[in-house]
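> no letters, just coordinates:
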């Protein structure tokens, strides 16, 4: 019986040490996951535009107030930088879902479309453009632990992830 109590005490001490660490690890994992998804969807939009010989756009969406809450990847047939009802939506992502609830979009620096939403379009040549012209921009994501990553798109169409802090 004494051995059982000692084992349970040791397990309790280990749990007390491990649980706070998990509270740090989970939000950091979610941020890395969302950053990789954003990177993948930007790359996918660029490759889809080249493969299908059509403009493929990403328009960021707002969830409440001015906060960016996700994005939509779609084929922009009429080249108006806005997802219309007759255009094919490839995917739509909402960062407010339960597995991404710790991620906050701090800033999106792409120029805004007529609906005042940041948008980037990849034409068939794969070089990005946006409503204002050049198409380079940054999506800054952070979590409640203060960790931040940026997903960057260059004027040449290169997409990369940069860990800020």
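Done, it's in. From a predicted model like this one, the values you see are computed outputs, not experimental measurements.

> so what's the closest residue to residue 164 other than its chain neighbours up against?
Among residues not flanking residue 164 along the chain, residue 148 sits closest, at 4.1 Å (Cβ to Cβ, 6 or more residues apart in numbering). C-beta coordinates here come from the backbone N, C-alpha and C atoms, glycine included. Residues near residue 148 by Cβ atoms under 8 Å, 6 or more residues apart in numbering: 106, 140, 141, 142, 163, 164, 165.

> can you turn the buried part of those into a ChimeraX selection?
Burial among those is assessed by 16 or more other Cβ atoms under 10 Å; the matching ChimeraX selection reads:
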select :140,141,142
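
> would you format the contacts of residue 148 as TSV with distance to residue 121, secondary structure and pLDDT included?
Putting the contacts of residue 148 into TSV (distance: Cβ to Cβ, whole Å; DSSP: H, G, I helix; E, B strand; the rest coil; pLDDT from 0 to 100) gives the following:
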residue	distance to residue 121	secondary structure	pLDDT
106	23	strand	87
140	20	strand	93
141	21	strand	92
142	26	strand	91
163	27	strand	83
164	26	coil	75
165	31	coil	65
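
> the contacts of residue 148: which two are farthest apart?
106 and 163 (14.1 Å; Cβ to Cβ).

> what sits against the residue nearest to the spatial centre of the chain?
By Cα atoms, centre = their mean, the chain has its centre lying nearest to residue 38, at 3.7 Å. Contacts for residue 38 (Cβ under 8 Å, 6+ apart) come out as 71, 139, 141, 151.

> many thanks, I have nothing further to ask.
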